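>>> Just to be clear, the model below is a prediction. Sequence and coordinates:
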Amino acid sequence: MEAEWKCREWGGTLTSIHSKEEQVVVNDMLKDDESYLIGLNDQNTECDWKWQDESRIKWTNWDLGKPSGSNDQNKDCTVVAANKKWQDVSCDDFNKYVCKRKAGLVVEDNDFTY
């Protein structure tokens with residue numbers, strides 16, 4: 001996945017979000033009408049969601065009816081959607097994603113990088 005490799009190039013991983021306060025920080029960096037890939041996925045085991053950085057899941061912000069569950073085998077990645085809620089999606093390459101590294105967040109959406 002290109003987003004994952006880009007984050008590693010910048011010395012980080014796709015972001016993990018552990019609280020409402022962290023979600024607000026991420027939301028403030030994103031364009032309102034776009035979806036951005038974050039580091040939560042169930043690529044190894046269906047319905048067993050894990051952060052790419054291997055941190056523990058302490059808080060979630062799933063949209064109503066999400067994640068889709070075992071009915072939809074192709075939705076293994078997570079985005080912060082335009083409504084600022086999490087949705088499970090296909091892991092196809094995303095041009096928009098949020099990386100986390102010790103120095104802070106990096107947002108990539110082809111128009112800007114923070």
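Done, it's in.
>>> okay, CA-based contacts and neighbour counts for the rest of this
Will do.
>>> Roughly how far does residue 96 sit from residue 79?
Distance of residue 96 to residue 79, computed by C-alpha to C-alpha, to the nearest Å: 9 Å.
>>> Can you pull the residues that touch both of the two?
35-37 (C-alpha atoms under 8 Å, 6 or more residues apart in numbering).
>>> Among the residues you listed, which are located in strands?
Among those, the members found in strands (DSSP state E) are 36-37.
>>> hang on, the earlier thing: the more surrounded of residue 96 and residue 79?
residue 79 (26 against 20; other C-alpha atoms under 10 Å).
>>> And the more buried one, which helix or strand is it part of?
strand 77-80 (DSSP states H and E).
>>> Give me the sheet partners of that strand and which way each runs.
If you go by DSSP bridges, strand 77-80 pairs up with strand 36-41 (antiparallel), strand 86-89 (antiparallel).
>>> Top of the shared contacts of residue 96 and residue 79 by number of neighbours, please.
residue 37 (28 neighbours).
>>> check contacts around it.
Taking C-alpha under 8 Å, 6+ apart, one finds 3, 14, 77-80, 94, 96-98 in contact with residue 37.
>>> which of these has the weakest pLDDT?
The lowest pLDDT within these belongs to residue 94, with 79.
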